[in-house]
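In: Here you go, sequence then predicted model.
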Amino acid sequence: MVVRALRDAGYEVIYTGLHQSPERIVQAAIDEDVQAVGLSVLSGAHLSLFPKVVAGLQAAGAADVVVFGGGIIPDDDVPALEDAGVAGIFGPGTSTSEIVAWCRERVGE
């Protein structure tokens with residue numbers, strides 16, 4: 001749903017599919033020269049996977065890529081994700097229009 005909302009809002013979206021490793025996500029971001037990476041995790045592995053993507057982007061010289069994510073993320077975990085460099089967290093019930101508005105503020109048109 002988020003992919004479709006961002007595309008409808010005029011963003012070019014590269015969807016890598018389900019169950020990608022942090023390394024694969026970083027490589028795709030570098031290869032496609034993206035401005036942002038959106039992640040979704042429903043498995044509870046967000047405290048491990050999201051920071052690995054941020055660290056991988058930094059190591060690849062792409063620290064300017066904005067990383068945001070969503071899924072089933074407890075409120076108590078949000079500060080740790082923010083400290084790790086995740087710029088935005090969207091939990092269940094967040095509207096796609098809110099995500100699009102956030103992207104416009106953080107990434108631009």
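Out: It's in.
In: Is there a neighbour count for residue 103? I'd like the number.
Out: 22 (other CB atoms under 10 Å). Placement of C-beta: from N, CA and C, glycine included.
In: okay but it is in contact with residue 10, surely?
Out: No - using CB atoms under 8 Å, residue 103 is not in contact with residue 10; the gap is 10.3 Å.
In: Leaving out the residues flanking it, which one is nearest to residue 29?
Out: residue 37 (5.2 Å; CB to CB, 6 or more residues apart in numbering).
In: Can you classify that neighbour by secondary structure?
Out: Secondary structure, DSSP: H, G, I helix; E, B strand; the rest coil: residue 37 is strand.
In: What separation do you get for it and residue 80?
Out: 18 Å (CB to CB, to the nearest Å).
In: One more: residue 88?
Out: To residue 80, residue 88 is 14 Å away according to CB to CB.
In: quick revisit: what count of nearby residues applies to the residue nearest to residue 29?
Out: Around residue 37 there are 25 residues (other CB under 10 Å).
In: so it touches residue 24, yeah?
Out: No - when contacts are counted by CB under 8 Å, residue 37 is not listed as touching residue 24 (11.6 Å).
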